[in-house]
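[1] give me a 3D structure for the following:
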Amino acid sequence: MSLAGSPVRPHAATLSRSVRLFQAFLHEQDDPDRFYGALASDTVSQLSQWTTLSGSRVLDVGGGPGYFADAFEAAGARYAGVEPDAGEMTARGDAAGDSLRASGLELPIVAGGFDVTLSSNVLEHVPEPERMADEMVRVTRPGGLVYLSWTPWLSPWGGHETAPWHYLGGRRAADRYARRHGRRPKNDYGRSLYPCSVGRMLRWAREAGRQGRVLDVATIPRYHPRWAHRVMSVPGLREIASWNAVIVLSVAREPAGD
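    Below you'll find the model as predicted:
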């Protein structure tokens, strides 16, 4: 039986939700279906605070092996994914839904083609996160939503599998991992992992706002209960304590060109 168009569970940023996500995160390596399935469902619920997903055209930049495709299609959205890594696209078998192999830094998509454009834990994996964010704004229609989520470099998981040694330097942490495991980390500093701070992306968002391209909707720590959202208003602290940052923007006008 198809679940397409099934009701989305109302989002509640509670402590119990945070605990559930953290427990799932502990199994990211040994049970990715558990973690990424839970994360995708939670993201659909979170996004539904700000927009109606049923019938919406959704573009997922860095869509990976299809967990998000399943969750968005179950909510009735028309999902398309962009993923540069063919291995990631087919990690669960055939590529999911309408998937396209391409870079988030140069999306081969017409301007204003989607109602919602999101990226989940992708910005820290590109050398020019502002350029990717600009591309996401460009392909989102006026009044549409852009959802940016990433792991800030100074968060406890900023070095990904090399954490917490990234606090002593990204290259040093990656080299240490290579010595211990006999191979480079998947998230290799300077090659597939880059330092992306909350402050950096907030500066980009403010500049895009001054240019009249976007309107601010929300800036929150992705996994935290609502009472802890205020951490995002404290420079320095938010880089560490947010764990995973989210910026949500509404596209204010037609982006120039296509």
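
[2] what comes up buried for the lengthiest strand in the chain?
    In the chain, assigned by DSSP state E, the strand with the most residues is strand 140-150. For strand 140-150, burial by neighbour count (16 or more other Cβ atoms under 10 Å) applies to 140, 141, 144, 145, 146, 147, 148, 149, 150. Any C-beta I mention is one placed from the backbone N, CA and C, and that applies to glycine too.

[3] let me see the backbone angles for the nearest residue to the second one once chain neighbours are set aside.
    When the adjacent residues along the chain are set aside, residue 141 lies closest to residue 112, with 4.3 Å between them (Cβ to Cβ, 6 or more residues apart in numbering). Here the main-chain torsion angles of residue 112 (degrees, to the nearest 10) amount to phi 70, psi 20.

[4] burial measure for residue 112, as a count.
    17 (other Cβ atoms under 10 Å).

[5] cool, residue 77 as well?
    Neighbourhood size, residue 77 [other Cβ under 10 Å]: 27.

[6] before we move on, the earlier item: so the residue nearest to residue 141 makes contact with residue 142?
    Yes - counting by Cβ atoms under 8 Å, residue 112 does reach residue 142; the two are 6.9 Å apart.

[7] next, count neighbours for residue 210.
    Using other Cβ under 10 Å, residue 210 has 9 other residues around it.

[8] how about residue 207?
    12.

[9] for the helix or strand hosting it, buried residues please.
    Using DSSP states H and E, residue 207 sits in helix 198-210. Across helix 198-210, burial judged by 16+ other Cβ under 10 Å covers 198, 200, 201, 202, 204, 205, 208.

[10] quick one: the strands in this structure, in order.
    Using DSSP E, strands in the chain cover 57-61, 78-82, 98-100, 114-120, 140-150, 214-221, 245-251.

[11] weakest of those strands by average pLDDT?
    Ranked by mean pLDDT, the strands of the chain bottom out at strand 98-100, with a mean of 78.

[12] and that strand, how far from the chain's centre?
    17 Å (Cα atoms, centre = their mean, to the nearest Å).

[13] packing partners for it?
    strand 78-82 (3 or more Cβ pairs under 8 Å, 6 or more residues apart in numbering; DSSP states H and E).

[14] given the strand it packs on, what are its sheet partners and their directions?
    Strand 78-82 has the following strand partners under DSSP bridges: strand 57-61 (parallel), strand 98-100 (parallel).

[15] any chance of those strands in a markdown table with mean neighbour count and distance to residue 181 as columns?
    Formatted as a markdown table, the strands paired with strand 78-82 follow (neighbours: other Cβ atoms under 10 Å; distance: least, Cβ to Cβ, whole Å):
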| stretch | mean neighbour count | distance to residue 181 |
| --- | --- | --- |
| strand 57-61 | 26 | 29 |
| strand 98-100 | 17 | 30 |
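
[16] would you turn those into CSV with distance to residue 222?
    Shown next, in CSV, are these (distance: least, Cβ to Cβ, whole Å):
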stretch, distance to residue 222
strand 57-61, 16
strand 98-100, 24
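
[17] how about the ones you listed, which one is nearest residue 243?
    Evaluated over the strands paired with strand 78-82, closeness to residue 243 peaks at strand 57-61, with 21.0 Å, by Cβ to Cβ.

[18] got the CA positions of that closest one in CSV?
    What follows is strand 57-61 as a C-alpha-only set of coordinates in CSV (Å, rounded to 0.1, in the frame of the first residue of the first chain):
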residue,chain,number,x,y,z
ARG,A,57,8.3,20.1,-5.8
VAL,A,58,11.2,19.3,-3.5
LEU,A,59,14.9,19.3,-4.5
ASP,A,60,17.4,17.6,-2.2
VAL,A,61,21.0,18.7,-2.8
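
[19] other residues contacting it?
    Here strand 57-61 makes contact (Cβ atoms under 8 Å, 6 or more residues apart in numbering) with 68-69, 72, 77-82, 104, 107, 109, 113-120, 122, 132, 135-136, 139-140.
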